[in-house]
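> Everything below, folded, please.
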Amino acid sequence: MKTRSGFTLVELVVVILILGILAGVAAPRMFDTAAKATDNGLRQTLGVVRDAIELYTAENGGSPPPFASSAAFQGLLAPYVRGGFPMCPVGATAGTNTVIALAEAAASTNATGPWRYDAATGAFAVNYAALTANTDDDATLTYDAL
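You can find the predicted model right below:
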């Protein structure tokens with residue numbers, strides 16, 4: 001008599017069930033990682049531009065770069081930022097690098113541009129549509145606090 005070797009239908013169903021449970025547990029963690037990566041990229045980008053502003057300020061007698069337009073501001077910081085002015089990774093204007101003045105951002109919630117800059121203090125931040133919105137990574141941290 002010949003014996004057959006192989007898996008029974010019950011064994012295959014059990015293995016598929018276990019794989020489904022593992023995928024159900026792993027998938028939320030994988031998607032959460034994407035949010036963390038985006039927020040960490042934003043932190044890094046803000047750090048690069050803020051360092052460029054500090055270098056400009058140090059080399060120009062303690063005066064932060066003036067703001068006439070987005071292009072002029074980016075031109076002033078070009079020697080201090082390698083690879084061009086960074087794009088913003090969050091918000092409705094993600095993927096663009098337009099800078100707006102802080103007064104313009106404060107005057108209108110519809111101010112276009114992913115970045116905002118205060119020429120008086122040298123403060124540079126993300127111009128997220130809802131500045132009080134919590135970051136994807138940390139529910140206790142808002143985007144304007146980065």
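> okay, CA-based contacts and neighbour counts for the rest of this
Noted.
> what's the helix or strand in which Gly24 is found packed up against?
Using DSSP states H and E, Gly24 sits in helix 9-59. Under the contact definition 3 or more Cα pairs under 8 Å, 6 or more residues apart in numbering; DSSP states H and E, helix 9-59 sits against helix 70-77, strand 123-126.
> TSV for these, including mean neighbour count?
TSV is the format used below for the helices and strands packed on helix 9-59 (neighbours: other Cα atoms under 10 Å):
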stretch	mean neighbour count
helix 70-77	16
strand 123-126	21
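> what's the least confident stretch among the ones you listed?
Among those, strand 123-126 carries the lowest mean pLDDT, a mean of 86.
> Pull up the pairing partners for it, direction included.
strand 115-118 (antiparallel) (DSSP bridges).
> what's the closest of the helices and strands packed on helix 9-59 to Thr98?
Of all the helices and strands packed on helix 9-59, helix 70-77 sits nearest to Thr98, with 5.9 Å by Cα to Cα.
> Nothing else from me, thank you.
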